[in-house]
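Peer 1: Requesting a structural model of the entry that follows:
(one chain, ligands or ions: 1)
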Amino acid sequence: MKFAAFNWNGFKSIGRVLETEKVVERFELPIENYENDGVTFLIDRELPSCVETIPLEKITLLAPIPRPSRNIFCVGKNYHEHAKEFSSSGFDSSASKGTVPKSPIVFSKLPETVIGSGQPVLIDKNVSDAVDYEVELAVIIGKPGKNISRDKTLDHVWGFTIVNDVTARDLQGQHSQWLIGKSQDTFCPMGPWVVTADEINLNDTPIKCWINGELRQDSNTNQLIFDIPEIIAAISNGITLKKGDVIATGTPAGVGIGFKPPRYLKPGDQTRLEIKGIGVLENPVKGL
Ligand code: MG
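Peer 2: You can find the predicted model right below:
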């Protein structure tokens, strides 16, 4: 099943997306139940009743989790070809510079970075002139847990969505720790909705990104260095994962910094990210 958060007639709502029929079934729910948590309010609950069916073209999508309750966990350098392109870019300040990491590199993005499909990524040229895109499969945790063994990790996954881990490369390099370069306002487009875990084949899921219609990233989740069970086992090692936690699992090769010269985002660009089985996340880029 696919669940979306959206604006309809000036009101925030959540509902179930029936993509083939191009409609969303709006749920009968008071907004205080889902204003920040979005569709993760539905975890472990019976589906609310549908009050009306609305054509998808008439709603304005919001991020499926408008304000994640904690920083968004992210994994860096987690596709083989991307690890090579990033290590040779000159902006890699990670300890495993020049090599495939021995353990997952984990950092986070602030919850306030999150925007929905269709909302603009904002670039302030006085802050950064090296803003890059990164298509990523994001895991949504449904069942809390700590010290989760690899064979049990997928029991804790409720669903998946797409994240664009937008990054100011100059700030990422300058500060060594990646948080500032990764957490600029609007730097986490998320969506278009969440797909429940049963609908994704982690061993063979194409992941792609186009900039202005040009295919830049074209890979598959079978190219991950650390697969999703490994990532969840590593992050939950001493940290209690909670319902609604988001884990962005890394980006494949083809980011702007991988080109010579680099091809960064600029105002007027259109990003289009697609993961098979989830959908398409599209955002314009605007200057401040
Ligand atoms: Mg990333």
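Peer 1: quick one: contacts for Asp185?
Peer 2: Shown in contact with Asp185 (Cβ atoms under 8 Å, 6 or more residues apart in numbering): Glu112, Thr113, Leu122. Where C-beta positions appear, they are placed from N, C-alpha and C, glycine not excepted.
Peer 1: Touching, the second one and Cys188? I think so.
Peer 2: Looking back up the chat, that one is Thr113. Yes. With contact defined as Cβ atoms under 8 Å, Thr113 reaches Cys188; the gap is 3.7 Å.
Peer 1: Which residue lies closest in space to whichever residue of the stretch 51-200 of the chain sits closest to the ion, excluding its sequence neighbours?
Peer 2: Residue nearest to the ion within the stretch 51-200 of the chain: Asp165 (3.4 Å; Cβ to the ion). Closest residue in space to Asp165, ignoring its immediate chain neighbours: Glu134 at 4.0 Å, by Cβ to Cβ, 6 or more residues apart in numbering.
Peer 1: tell me the centre residue of this protein?
Peer 2: For the chain, Val163 is the residue whose C-alpha lies nearest the centre (Cα atoms, centre = their mean; 1.8 Å).
Peer 1: Test my guess that it contacts Ile140.
Peer 2: No. In this structure, Val163 is not within contact of Ile140 by Cβ under 8 Å, at 10.6 Å.
Peer 1: Can you pull out the residues in contact with the helix or strand of the chain with the lowest mean pLDDT?
Peer 2: One helix or strand of the chain scores below all others by mean pLDDT, DSSP states H and E: helix 80-87, with a mean of 83. Outside helix 80-87, the residues within contact range by Cβ under 8 Å, 6+ apart are 77, 92, 97-101, 219, 223, 225, 250-255, 257-258.
Peer 1: If we check the ion, which of these are in contact?
Peer 2: Thr251 (Cβ under 5 Å from the ion).
Peer 1: Show me which of the contacts of helix 80-87 are buried.
Peer 2: Buried members of the contacts of helix 80-87, counted by 16 or more other Cβ atoms under 10 Å: 77, 92, 101, 219, 225, 250-255, 257-258.
Peer 1: Contact residues of the stretch 151-288 of the chain facing the ion?
Peer 2: Residues of the stretch 151-288 of the chain found near the ion (Cβ under 5 Å from the ion) are Asp165, Thr251.
Peer 1: one more time with 8 Å
Peer 2: Neighbours of the ion within the stretch 151-288 of the chain, by Cβ under 8 Å from the ion: Asp165, Thr167, Lys182, Ala248, Gly250, Thr251.
Peer 1: Check the burial of the first one by counting its neighbours.
Peer 2: Per other Cβ atoms under 10 Å, the neighbour tally for Asp165 reads 27.
Peer 1: about what we covered before: please narrow the buried ones among the contacts of helix 80-87 to those residing in helices.
Peer 2: Within the buried ones among the contacts of helix 80-87, no residue falls in helices by DSSP state H.
Peer 1: and which of these is nearest Thr40?
Peer 2: Using Cβ to Cβ, Gly250 is the member of those that lies nearest Thr40, at 21.8 Å.
Peer 1: How about the closest one: what's its closest non-neighbour residue?
Peer 2: Once flanking residues are discounted, Gly250 sits nearest to Asn78: 2.7 Å by Cβ to Cβ, 6+ apart.
Peer 1: For Val163 and Ile140, list the residues in contact with both.
Peer 2: Contacts common to Val163 and Ile140, judged by Cβ under 8 Å, 6+ apart, are Val246.
Peer 1: rewinding a little: most neighbours among the contacts of Asp185, which one?
Peer 2: Neighbour max across these (other Cβ under 10 Å) = Thr113, 24 neighbours.
Peer 1: how about it, what does it touch?
Peer 2: By Cβ under 8 Å, 6+ apart, Thr113 lies in contact with Ile72, Val166, Lys182, Ser183, Gln184, Asp185, Thr186, Phe187, Cys188.
Peer 1: which residues does the residue lying closest to the fifth one once chain neighbours are set aside bridge with?
Peer 2: To tie it back to what came earlier, the one meant is Gln184. Leaving aside its sequence neighbours, Gln184 sits nearest to Ala168 (Cβ to Cβ, 6+ apart; 5.8 Å). For Ala168, the beta-bridge partners are Val131 (DSSP bridges).
Peer 1: Would you map out the domains in this protein?
Peer 2: The record's domain parsing of the chain by automatic domain parsing lists 2-62, 72-287.
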